[in-house]
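Trainee: sequence and computational prediction follow.
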Amino acid sequence: MRWNLGLAGLATAWGLIAVLAAAVSLGAAPLAFLRLALAAVTLGIVALAGGRLHRLLPGRHLAALIALGVVQAAHTRWGGTSTSRS
């Protein structure tokens, strides 16, 4: 029964994202940043409330996480799609 409530909450949140994105006058990058920041804060609160804050520590995967962040930053800076035509 508990997972049904969780699934209903996820479905509601998923549908609400499009409504909120349409109502906000932000560009794509700031909107994406705010969505990720909200998700990170939510994960922290849920982990803290559930007594599983230790699960958020990267441990031995720290180097891999840093490498993924560098690759994503490089892709965003130099490999993203361009809207200008030459």
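Mentor: Looks like it arrived, so ask away.
Trainee: what residues sit buried inside stretch 13-27?
Mentor: For stretch 13-27, the buried set under the neighbour-count rule, 16 or more other C-beta atoms under 10 Å, is empty. C-beta here means a position set from N, CA and C on the backbone, and glycine is covered the same way.
Trainee: pull it out as CSV, backbone CA atoms only.
Mentor: Taking C-alpha atoms only, stretch 13-27 is exported to CSV below (Å, rounded to 0.1, in the frame of the first residue of the first chain):
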residue,chain,number,x,y,z
ALA,A,13,4.8,15.5,-9.5
TRP,A,14,5.6,14.3,-13.0
GLY,A,15,2.5,15.9,-14.4
LEU,A,16,2.9,19.0,-12.4
ILE,A,17,6.4,19.7,-13.9
ALA,A,18,5.0,20.7,-17.3
VAL,A,19,2.4,23.0,-15.7
LEU,A,20,5.0,24.8,-13.5
ALA,A,21,7.5,25.1,-16.4
ALA,A,22,4.9,26.8,-18.5
ALA,A,23,4.0,29.2,-15.7
VAL,A,24,7.6,30.3,-15.1
SER,A,25,9.4,32.8,-17.3
LEU,A,26,12.9,31.4,-17.1
GLY,A,27,15.3,30.2,-19.7
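Trainee: quick check: mean pLDDT across that stretch?
Mentor: For stretch 13-27, mean pLDDT is 77.
Trainee: distance from the chain centre to that stretch, please.
Mentor: Centroid displacement of stretch 13-27 relative to its chain, using C-alpha atoms, centre = their mean, to the nearest Å, is 14 Å.
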